[in-house]
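**Student:** just need the structure, nothing else, for what follows:
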Amino acid sequence: MKKHTKTFLIPCAAAALTIGSSMMAFAATGWQEEDGTWRYYDKNGDEVTSSWKKSGNDWFWLDEDGEMATSQLVEDNDNYYYVNESGVMVRNQWRELENDDPQDDDESDTVWYYFGADGKAYKAKDSGRVNFKSIVRADGVTKKYAFDEEGKMLYGWIDEQGERQTGDDAWQTGVYYLGGADDGAMRSHQWERLDVVDDDQTNDEFQDWYWFYFNANGKKAADTKKTINGRKYYFEEYGNARFSWYASSSNASVATPSFYSPIQDSWMSVGWFKTVPGENTDPDGYSDGEERWYYAEKDGDVVKSRIKKINGSWYAFDEYGKMLEGLYKLEVSDKDILSCTEIEGESDLPEAGDSAEVYYFGGTSKDGAMKTGTVTLDIDGERYTYNFRKSGDELGQGCNGIEDGVIYEKGKRIEADKDEKLKKVEWDGETYLVNTSGKIQKNKKNAKDGDDRYYCTDSKGVVTYEGTEKYSEK
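**Tutor:** The predicted structure follows:
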């Protein structure tokens, strides 16, 4: 609130004209100036005390000694008024006065009152609930204010009963926030960044303040999700906007985490976002300190342990919600990922009877899309050709079996190396012969490998002869 510093001085001559006009006609009644102090005598000649008397359009207060009061607060019949330096009752005005009776150490040295059209200070009603008064400020803006039972403007945090909340937990017990001692305006449809003491907060981002949002009725948003200017937010039990990682349980494999941007913004992330894993939601990922990609549904829940189609492409997410990048062994049931192991070397490759299937996801940052068809991959410095299913329930899985004259085992093409030239492959109870491109060698007679061994195959490529000598029919 800006202080209203209008001066309400009535020069002595003007005051004399205002009050003295009625005195001229009555020698012993009405207004009389005695030793520089104005008094008022009724028609019986008795001095009037503790009462209001009017002169012209203005009212004046005669105190208990019969003297006209000036520049002071007046209490009359449980109402409060203020008379200026000329003794005139002020109306429709703010006044900042000394705080003669501070109740708390944090109270301001001055207090504000607002005196209405009848001169009475606005004050709390006896309903037991806070009530607000709409007052037009000097800048022409209308704001709502609350006052205590003595007419003092309230400020800071207050509860629904209109009691000021002080101390470290004021932000928790307070419902409305009315700014500082020189402000007092109710927050409405408004964000406010407020200093707090929260010993329970362990996040390193916390800097002893939170964002709060106050609804149209002035109450803080609390224990609720709210969309504001197109952004979604979640407000905790005491109204502070949630920030960073959050999971309803300390066990991230059970709880569904959500991510709220750093405390400077605090909005809920929806869709794709990239950040460092949360300390509580993914301790190992947090320790690595590497930013990873995540995807959150419209309600803010991060997708985890799932293969999901997003904008026409398929992506996979681990148990903590991190997007998978690279070659993985997955056990999948109806797009739910039951187990997930990254293949970082040949020792991680699955055996033929392994229940996990091999998938490949992008491999570059923010790519991560499931790959299908033929892909060449580097594993432990060796290059391998993989083939992944392009459709059906097994979409993305490594091909397993004979496809287009090539044998694939969990997606990897089985082939002879350059030195071998030819290689025998056991598959489905048969022994096949393949070359360096993985092609099954069909109807071959005395094909020689790198060790000078000879092979013959039938029309399916099954080995019918192997030896150090060429096969010849007798």
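**Student:** beta-bridge partners for Glu430, please?
**Tutor:** Beta bridges link Glu430 to Trp427 when assigned by DSSP bridges.
**Student:** that one is in contact with Val462, isn't it?
**Tutor:** Yes. Contact criterion C-beta atoms under 8 Å: Glu430 and Val462 qualify, at 5.0 Å. Using the backbone N, CA and C atoms, a C-beta is placed for each residue, glycine as well.
**Student:** what sits in contact with each of these two?
**Tutor:** Counting by C-beta atoms under 8 Å, 6 or more residues apart in numbering, Glu430 and Val462 have no shared contacts at all.
**Student:** contacting residues for the closest residue in space to Val302 that isn't next to it in sequence?
**Tutor:** Distances taken as C-beta to C-beta, 6 or more residues apart in numbering place Gly321 nearest to Val302, at 3.9 Å, with adjacent residues excluded. Counting by C-beta under 8 Å, 6+ apart, Gly321 touches Pro257, Thr281, Asp282, Tyr294, Tyr295, Val302, Val303, Lys304.
**Student:** ok, and the most crowded of those residues?
**Tutor:** Thr281 (26 neighbours; other C-beta atoms under 10 Å).
**Student:** wasn't it part of a helix?
**Tutor:** No. Counting by DSSP: H, G, I helix; E, B strand; the rest coil, Thr281 is not part of a helix but coil.
**Student:** I'd guessed it sits against Ala247; true?
**Tutor:** Yes. At 4.9 Å, Thr281 counts as touching Ala247 under the criterion of C-beta under 8 Å.
**Student:** tell me the pLDDT at the nearest residue to Leu349 once chain neighbours are set aside?
**Tutor:** Nearest residue to Leu349, sequence neighbours excluded (C-beta to C-beta, 6+ apart): Ile343, at 6.1 Å. If you check Ile343, the pLDDT there is 95.
**Student:** pretty sure Ile343 contacts Ile379?
**Tutor:** Yes. The pair formed by Ile343 and Ile379 meets the contact definition of C-beta under 8 Å, at 7.2 Å.
**Student:** in the stretch 251-400 of the chain, where is pLDDT below threshold?
**Tutor:** Within the stretch 251-400 of the chain, the segments meeting pLDDT under 70 span 251-255, 363-366.
**Student:** that one: helices as residue ranges?
**Tutor:** Ranges of helices in the stretch 251-400 of the chain, per DSSP state H, counting those that start in this stretch, are 283-288.
**Student:** how many residues are close by Glu170?
**Tutor:** No Glu there; residue 170 is Ala. Neighbour count of Ala170, defined by other C-beta under 10 Å: 19.
**Student:** please report how far the residue lying closest to it once chain neighbours are set aside lies from Gly411.
**Tutor:** Nearest residue to Ala170 in three dimensions, chain neighbours excluded: Trp157, at 4.3 Å (C-beta to C-beta, 6+ apart). According to C-beta to C-beta, to the nearest Å, Trp157 and Gly411 sit 62 Å apart.
**Student:** so for these two, which residue has more residues nearby?
**Tutor:** Gly411 (25 against 22).
**Student:** residue contacts, that one?
**Tutor:** Contacts for Gly411 (C-beta under 8 Å, 6+ apart) come out as Glu357, Val358, Tyr360, Tyr386, Asn387, Phe388, Gln397, Gly398, Cys399, Asn400.
**Student:** is the third one in contact with Thr376, as I believe?
**Tutor:** No. Tyr360 is beyond contact range of Thr376, at 10.6 Å (criterion: C-beta under 8 Å).
**Student:** with neighbour numbers in mind, choose between those two.
**Tutor:** Legend: neighbour count by other C-beta under 10 Å for Tyr360 and Thr376, higher for Tyr360 (22 against 9).
**Student:** how near is the more buried one to Phe388?
**Tutor:** Tyr360 is 6 Å from Phe388, by C-beta to C-beta.
**Student:** likewise Ile407?
**Tutor:** Where Phe388 is concerned, Ile407 sits at a distance of 15 Å (C-beta to C-beta).
**Student:** just Asp78 next, same as before
**Tutor:** For Asp78, the distance to Phe388 equals 84 Å [C-beta to C-beta].
**Student:** more crowded one of the two?
**Tutor:** For Asp78 versus Phe388, the count of surrounding residues by other C-beta under 10 Å is larger for Phe388: 22 against 9.
**Student:** tell me the contacts of that one?
**Tutor:** Per C-beta under 8 Å, 6+ apart, neighbours of Phe388: Tyr359, Tyr360, Met370, Lys371, Thr372, Gly373, Val375, Gly396, Gln397, Gly398, Cys399, Gly411.
**Student:** what of Asp148?
**Tutor:** Asp148 is in contact with Lys123, Ala124, Leu154, Gly162, Arg164, counting by C-beta under 8 Å, 6+ apart.
**Student:** how about Asn203?
**Tutor:** Contact analysis of Asn203 by C-beta under 8 Å, 6+ apart lists Phe243, Ser244, Glu279.
**Student:** give me the pLDDT for the first one.
**Tutor:** Phe243 carries a pLDDT value of 93.
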